[in-house]
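Asker: With the sequence up front, the predicted model follows.
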Amino acid sequence: MNNNKITTTAATTPMICFCFFVMPPVSQDSGSPTPPSAAVVTFLPMLVATFAAVLPDRLAWYLAGPALGLLVVGFFMVVNQPLGATGAYVETYKTVVREPGAVTWRMFYFLGIPIGGLVAIAMKDDGFVRRSGYDALRNEMSLGTTALVVLVGAVVMGYGARMAGGCTSGHGICGTAQRSPASWVATCTFMGAAVVTTLVIRVISGGAI
């Protein structure tokens, strides 16, 4: 492990542990988080990104499973709501436009996702040069076409998640853990559609993607 990984992990982990175990959680009837709870919601994605950078690219199931379970429990402890990212962008936009100065936990969660991603990328040995799995698209398409495909895919996924009332985190992780029949149906639909789409793209691209 290089010095950057050690430094970032050493700085981030105690801060998150302090937020979890020392600062009070948000009350059940509160629509907005207290500053301490907001800090925890912000640092949760950063914690995941930090350890994703330090640990191997793929965690063993017996590590990833319990970690996701603890994340769900921690979210209920902190904000007393299920973890979900679908409405983060929409709620952040509505809050900024309609209620300037108002604060909701989803705003901090929304900010924590890109911040955590930047932390993870910065901690990689090859820095910001490292790319994600979208290289498979870039190898077969121009930058403009790749950007258009990703944009359309994101819009379709976002619309579908809003229509379903949740995404892979809200339905797939939290909803199934709560034994919600609707979440089980939605999750099976997500996964089934993903498998079929992957196979179709693979056939169309001749195995290149």
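Answerer: That came in fine, so what should we check first?
Asker: Which residue comes closest to residue 91 once chain neighbours are left out?
Answerer: residue 106 (4.6 Å; C-beta to C-beta, 6 or more residues apart in numbering). Glycine gets a C-beta too; all of them are placed from N, C-alpha and C.
Asker: so what are the domain limits for this protein?
Answerer: Following the assignment in automatic domain parsing, the chain carries domains at 1-130, 132-209.
Asker: can you tell me which of these the model trusts least?
Answerer: Of all the domains of the chain, mean pLDDT reaches its minimum on domain 1-130 (a mean of 64).
Asker: I figured residue 190 was touching residue 168, is that so?
Answerer: Yes: judged on C-beta atoms under 8 Å, residue 190 makes contact with residue 168 at a distance of 5.8 Å.
Asker: how far away is residue 191 from residue 197?
Answerer: 11 Å (C-beta to C-beta, to the nearest Å).
Asker: whoops, I mixed them up, residue 107
Answerer: Residue 107 sits 31 Å away from residue 197, going by C-beta to C-beta.
Asker: tell me the SS of residue 103?
Answerer: Classification of residue 103 by DSSP: H, G, I helix; E, B strand; the rest coil places it in coil.
Asker: got the CA positions of the longest helix along the chain in PDB?
Answerer: As assigned by DSSP state H, the longest helix anywhere in the chain is helix 181-204. Output in PDB follows, covering the C-alpha atoms of helix 181-204 (Å, rounded to 0.1, in the frame of the first residue of the first chain):
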ATOM      1  CA  PRO A 181     -42.600  -8.200  -2.200                       C
ATOM      2  CA  ALA A 182     -42.500  -5.100  -4.500                       C
ATOM      3  CA  SER A 183     -38.800  -4.800  -3.900                       C
ATOM      4  CA  TRP A 184     -38.200  -8.400  -4.700                       C
ATOM      5  CA  VAL A 185     -40.200  -8.100  -8.000                       C
ATOM      6  CA  ALA A 186     -38.300  -4.900  -8.900                       C
ATOM      7  CA  THR A 187     -34.900  -6.300  -8.100                       C
ATOM      8  CA  CYS A 188     -35.600  -9.500 -10.200                       C
ATOM      9  CA  THR A 189     -36.700  -7.200 -13.000                       C
ATOM     10  CA  PHE A 190     -33.500  -5.100 -12.700                       C
ATOM     11  CA  MET A 191     -31.200  -8.100 -12.800                       C
ATOM     12  CA  GLY A 192     -33.100  -9.900 -15.500                       C
ATOM     13  CA  ALA A 193     -33.100  -6.900 -17.800                       C
ATOM     14  CA  ALA A 194     -29.400  -6.300 -17.100                       C
ATOM     15  CA  VAL A 195     -28.500  -9.900 -18.100                       C
ATOM     16  CA  VAL A 196     -30.700  -9.800 -21.300                       C
ATOM     17  CA  THR A 197     -29.300  -6.400 -22.300                       C
ATOM     18  CA  THR A 198     -25.700  -7.500 -21.700                       C
ATOM     19  CA  LEU A 199     -26.200 -10.600 -23.900                       C
ATOM     20  CA  VAL A 200     -27.900  -8.600 -26.600                       C
ATOM     21  CA  ILE A 201     -25.100  -6.000 -26.700                       C
ATOM     22  CA  ARG A 202     -22.500  -8.800 -26.700                       C
ATOM     23  CA  VAL A 203     -24.200 -10.400 -29.700                       C
ATOM     24  CA  ILE A 204     -24.600  -7.100 -31.600                       C
END
